[in-house]
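Participant: when you get a sec, could you give me coordinates for this:
(chains A and B)
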Amino acid sequence: MKYLTEFRDGELAQKLAAEIRAAVTRPWAIMEVCGGQTHAIIRHGLDQLLPPELELVHGPGCPVCVTPVAAIDRALAVAAAPGVIFCSFGDMLRVPGTREDLFAVKGRGADVRVVYSPLDAVRLAKGNPARQVVFFAIGFETTAPANALAVHQAAQLGLANFSVLVSHVLVPPAMEAILSSPANRVRAFLAAGHVCSVMGYHQYPPLAERYRVPIVVTGFEPLDLLDGIRRAVRQLEAGTHAVENAYPRVVTFDGNRAAQAMLAEVFEVCDRDWRGIGTIPNSGWRLRGGYRRFDAEERFAVGDIRSAESPHCRSGEVLRGTLKPNQCPAFGTTCTPRTPLGATMVSGEGACAAYFNYGRLTAVGTERATCPT
Amino acid sequence: MPDLTPAAWTCPLPLRDYPHVVMGHGGGGRLSADLVEHLFLPAFRNPALARLGDAAVLPPVPGRLAFTTDGFVVRPLFFPGGCVGDLAVHGTVNDLAVSGATPLYLSAGFILEEGLPLADLGRIVDRMAAAARAAGVAVVCGDTKVVDRGHGDGCYITTAGVGVVPDGVTLGVQQARPGDAVVLSGPVGNHGIAVLCVREGLEFETRVESDTAALTGLAAAVLAACPATRAMRDPTRGGLAATLNEIAAGSGVGIEIDEPAVPVDDEVRAACDLLGLDPLLVANEGKLVAVVPADAADHLLAAVRRHPLGTRAAVIGRVTDQHPRLVVARTAVGGRRVVSTPVGEQLPRIC
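Facilitator: Model prediction:
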């Protein structure tokens, strides 16, 4: 508990914010890569402590937001199959596929269950040998090790009724895709602390060097974020582009070797679709050859499902950092957490939902500031 | 006070024939009568119920009637700090109490699932009766139905309640005025986190207990200390956020809360942080929010803190004419954010 109160100290936060305000001499756009960081920034109102020249751009690091609509549609099809127990993290249940979400499928009688760990799904498979148990394995490097462990454990137990619907994505290729885009405005990154706790940050120096961009590994508490921003601003103002670790209580250069070994055992890198962004080469994981028998996509033959995004949803631009949520014409009108057009409005960590839930007071014009939820 | 430990609870002879609820217990025949005679009547003992009429016949009451109903479908049936039984009493009693009414009578409808251990039903009913006695209400009528195994979660309870509102008391969410103070009776989130932990098998070093309690005495203390109280609500599902939004929307005003002033137990805050939940949105069952004129706030706070259920009460914010219909929190680090009503149930996030 001490950690939480210490890293939310109001006086220290004001001091850090004052340092940032004093350091900024011209406009800079800094991207917080992770949706958890976006959520924390808006929830604690950190954006309002910063100078107007400093623009925080929300990155693609919300696992729920970037899971492609095709993957959601596959999940819906698998969940609706007879005899299936479909397990998912809670926040995936409201993400819309082409026509509906997992809540709707559950409402029609599918056995959809919220789990807190993929190992719970393995336990369910062990306890229900007559049923097919499927786990929706989405997310970044943060969630992937536990998902890999679940598959590994299922293999050790010889479970024939367990499988995973994999839609894992990797952060560094997404950062590179953003930096190499002609529309890129991002001048520095707050790298996702949880991802780095697993993977370390040894992948980042080449990226920082190639694109001459400061990268600061940053945590999720208010002081973590303000410190990360302060370090990024210092570098930007000084014209340097180093990788800094502002989250040393959790992150090391090498990361968690045991987790990395488990990932390498079960997964291999593949091209992956990102919702709203498109295909990014080498940006995802799929099951390695020896573990393909646990692939729910093959087991339930749902690979060819046709999917379509809402034509009015511009979440891809939001995820690439080229559009602020409140600049979208649908924001707060046809697109709200109650009637989301896309995943960025559904997930608690989605930039659009964060703006809508926490930031309406200042982030949008007066007319939309009072729109009912 | 009955012994509430499960091992001590035993059925009188006729019920021992079936250690579990069977379809016949809801059939209106001998088994139903046994259930009423040997389980419900002794627990809820009162003259109106003892007559076993088709309706409870009650004496006239002085003042305006308050009448409310609520359904209780909590899973699991027993959780740290309470069970579906006391919850079913507290939920309805509290809806009456925060309306300014003195709760008098409850009805109780039970929908039992075939196979429910009668010992469990006995514990539920005993705790319900104890909660009713503590809240000063009588359970004067009821109903029992049994559904097939697999068609219920053991035991659903619906309670309806009647109370009387004294002259001069007119509370309402439409009455908040700019400048009013917002008082909260104690820490939020305990009930929701307690139930979530036991339902999902989550273990933390310290056990979080539900705050389920009858607010009859506390609500009376509020009205005694501040007869000019504008609005009172008990934040249950949807948490403190939903309650404050109801008041803001009902009165067409803004509400600004000082987030660090909202009491939250360390264990609840830690669990919320871990699961990605906002304590302001988590359910409670024994808390009260009062909106009062600013000049009455200190006196009210002192009165609430003297009550056992209000020792950690706090003034958490104020009503404002800025940002009408929005609830805004001043955060610990000096920022501001909108506190929205949750769309549905809060969902634990992925990481």
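Participant: from A:Ala40, how far out is the residue in chain B that chain A sits nearest to?
Facilitator: Closest to chain A within chain B is B:Gly335: 1.7 Å, counting by C-beta to the nearest C-beta. To be clear about C-beta, it is placed using only N, CA and C from the backbone, and glycine gets the same treatment. Using C-beta to C-beta, to the nearest Å, one gets 11 Å for the distance from B:Gly335 to A:Ala40.
Participant: does A:Pro222 touch A:Ala17 like I think?
Facilitator: No - taking contacts as C-beta atoms under 8 Å, A:Pro222 lies outside contact range of A:Ala17: 9.8 Å.
Participant: what number of residues lie near the residue nearest to B:Glu209 when sequence neighbours are not counted?
Facilitator: Closest residue to B:Glu209 apart from its sequence neighbours, by C-beta to C-beta, 6 or more residues apart in numbering or on different chains: B:Gly81 at 3.4 Å. Counted with other C-beta atoms under 10 Å in any protein chain shown, the neighbours of B:Gly81 add up to 21.
Participant: what's the local residue count around residue 346?
Facilitator: Because you didn't say which chain, this covers chain A. By the measure other C-beta under 10 Å, the count of residues near A:Val346 is 26.
Participant: that's the wrong chain, I wanted chain B
Facilitator: Neighbourhood size, B:Gln346 [other C-beta under 10 Å]: 22.
Participant: got it, and B:Asp295?
Facilitator: Using other C-beta under 10 Å, B:Asp295 has 11 other residues around it.
Participant: which residues in the stretch 1-150 of chain B form helices?
Facilitator: B:13-16, B:30-35, B:41-44, B:47-50, B:84-97, B:118-135 (DSSP state H, counting those that start in this stretch).
Participant: shaky segments in the stretch 1-150 of chain A?
Facilitator: Along the stretch 1-150 of chain A, the parts satisfying pLDDT under 70 run over A:1-4.
Participant: nearest spatial neighbour of the residue in it that chain B sits nearest to, skipping sequence neighbours?
Facilitator: Closest residue of the stretch 1-150 of chain A to chain B, C-beta to the nearest C-beta: A:Gly45 (1.7 Å). Distances taken as C-beta to C-beta, 6+ apart place B:Gly335 nearest to A:Gly45, at 1.7 Å, with adjacent residues excluded.
Participant: residue contacts, the one you found?
Facilitator: Listed by C-beta atoms under 8 Å, 6 or more residues apart in numbering or on different chains, the contact set of B:Gly335 reads A:His44, A:Gly45, A:Leu46, A:Asp47, A:Gln48, A:Leu49.
Participant: just put those in JSON lines and tack on neighbour count.
Facilitator: Shown next, in JSON lines, are these (neighbours: other C-beta atoms under 10 Å in any protein chain shown):
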{"residue": "A:His44", "neighbour count": "27"}
{"residue": "A:Gly45", "neighbour count": "26"}
{"residue": "A:Leu46", "neighbour count": "26"}
{"residue": "A:Asp47", "neighbour count": "20"}
{"residue": "A:Gln48", "neighbour count": "19"}
{"residue": "A:Leu49", "neighbour count": "22"}
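Participant: can you put those in TSV and add distance to B:Glu200 and secondary structure?
Facilitator: Shown next, in TSV, are the contacts of B:Gly335 (distance: C-beta to C-beta, whole Å; DSSP: H, G, I helix; E, B strand; the rest coil):
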residue	distance to B:Glu200	secondary structure
A:His44	27	coil
A:Gly45	31	coil
A:Leu46	31	helix
A:Asp47	33	helix
A:Gln48	35	helix
A:Leu49	36	helix
